[in-house]
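Engineer: Sharing a model that was predicted from the sequence below.
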Amino acid sequence: SQQGEEDPQALSIQEGENATMNCSYKTSINNLQWYRQNSGRGLVHLILIRSNEREKHSGRLRVTLDTSKKSSSLLITASRAADTASYFCAPYPGGYQKVTFGTGTKLQVIP
Amino acid sequence: EPEVTQTPSHQVTQMGQEVILRCVPISNHLYFYWYRQILGQKVEFLVSFYNNEISEKSEIFDDQFSVERPDGSNFTLKIRSTKLEDSAMYFCASRYGTDTQYFGPGTRLTVL
């Protein structure tokens, strides 16, 4: 299975702190995508990093990718209460294949 | 920004009834997917669709399920005879090439 496994399963931080979530996967990828899901809502795409990229930024998000270790990390800087959600990494193998989801990291940002 | 849309947002049905969940993928996308998420559980893949045929399906996607792209814009998931355990949030997704896979907001299906 190409699903990502996120770590930690849960993370609780104070508003303004940084949050780091990690992802590991098993086989080769074309790219890796990160998604956010607020409770009971849809999956919002955050950022995509390609296999030939090592780091990517988008606003307060920073994603790294280490294909040799088959791992990725998502850093949210200066967190806000509105960042409270579950975060998923989704390794994408290529072609028509789907992204698959692990259990995610549940982030709670305390105001 | 283009988005995937889904209707209805919430569907309530009686056990044994047929339901059709509708999705409008992003217009130039080529790959289409259905996923579901039972309350409190992870998002599970159901089926992928490319070039007017199913390219992959999971064990969940049995004979009670079918997909169709009837008119080049809509993408539907039909459940022929719903069961209580089909109650879940159903997500449609689409993608162009190797780019981002975009998800719709979901349809919450409640089977009574």
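Structural biologist: Cool, got the structure. Since we're looking at a predicted model, the values are computed, not measured.
Engineer: Would you mind listing what in chain B touches chain A?
Structural biologist: Within chain B, the residues that sit near chain A (C-beta under 8 Å from any C-beta of the partner chain) are B:31, B:33, B:42-45, B:48, B:50, B:55-56, B:89, B:91, B:93, B:98-106. For glycine as for every other residue, the C-beta is placed from the backbone atoms N, C-alpha and C.
Engineer: Just the buried ones among the residues you listed, please.
Structural biologist: B:31, B:33, B:43-45, B:48, B:55, B:89, B:91, B:93, B:98, B:100-106 (16 or more other C-beta atoms under 10 Å in any protein chain shown).
Engineer: so where is chain A shaky, pLDDT-wise?
Structural biologist: Residue ranges of chain A with pLDDT under 70: A:1-2.
Engineer: What are the boundaries of the strands in it?
Structural biologist: A:5-7, A:10-14, A:19-24, A:31-37, A:43-50, A:55-58, A:61-66, A:71-76, A:85-92, A:105-110 (DSSP state E).
Engineer: For those strands, give me TSV that also has mean neighbour count.
Structural biologist: Shown next, in TSV, are the strands of chain A (neighbours: other C-beta atoms under 10 Å in any protein chain shown):
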stretch	mean neighbour count
strand A:5-7	19
strand A:10-14	13
strand A:19-24	19
strand A:31-37	23
strand A:43-50	18
strand A:55-58	12
strand A:61-66	18
strand A:71-76	20
strand A:85-92	25
strand A:105-110	18
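Engineer: So for chain B, which of those sits nearest?
Structural biologist: For the strands of chain A, proximity to chain B was assessed by C-beta to the nearest C-beta; strand A:43-50 is nearest, at 4.1 Å.
Engineer: quick one: that closest one to strand A:85-92, angle?
Structural biologist: Inter-element angle recorded for strand A:43-50 and strand A:85-92: 40 degrees (by axes from the mean of the first three to the mean of the last three C-alpha atoms, to 10 degrees).
Engineer: neighbouring strands for strand A:43-50, and are they parallel or not?
Structural biologist: Sheet partners assigned to strand A:43-50 using DSSP bridges are listed as strand A:31-37 (antiparallel).
Engineer: nearest residue to the one residue sitting closest to the centre of chain B other than its sequence neighbours?
Structural biologist: In chain B, the residue lying closest to the centroid (C-alpha atoms, centre = their mean) is B:Trp34, at 3.4 Å. Ranked by C-beta to C-beta, 6 or more residues apart in numbering or on different chains and with sequence neighbours excluded, the top spatial neighbour of B:Trp34 is B:Leu46, at 4.3 Å.
Engineer: Which other helices and strands does the one helix or strand the one you found maps to contact?
Structural biologist: Assessed by DSSP states H and E, B:Leu46 sits inside strand B:44-50. For strand B:44-50, the contact count by 3 or more C-beta pairs under 8 Å, 6 or more residues apart in numbering or on different chains; DSSP states H and E identifies strand B:31-37, strand B:53-57, strand B:65-68, strand B:75-79 as packing neighbours.
Engineer: chain center to the longest one: distance?
Structural biologist: If I follow you right, that is strand B:31-37. 5 Å (C-alpha atoms, centre = their mean, to the nearest Å).
Engineer: And for stretch A:77-95?
Structural biologist: Mean-position distance between stretch A:77-95 and its chain equals 4 Å (C-alpha atoms, centre = their mean).
Engineer: touching chain B at all, it?
Structural biologist: Yes. If you take C-beta under 8 Å from any C-beta as the test, stretch A:77-95 does meet chain B, through A:Phe88, A:Ala90, A:Tyr92, A:Gly94.
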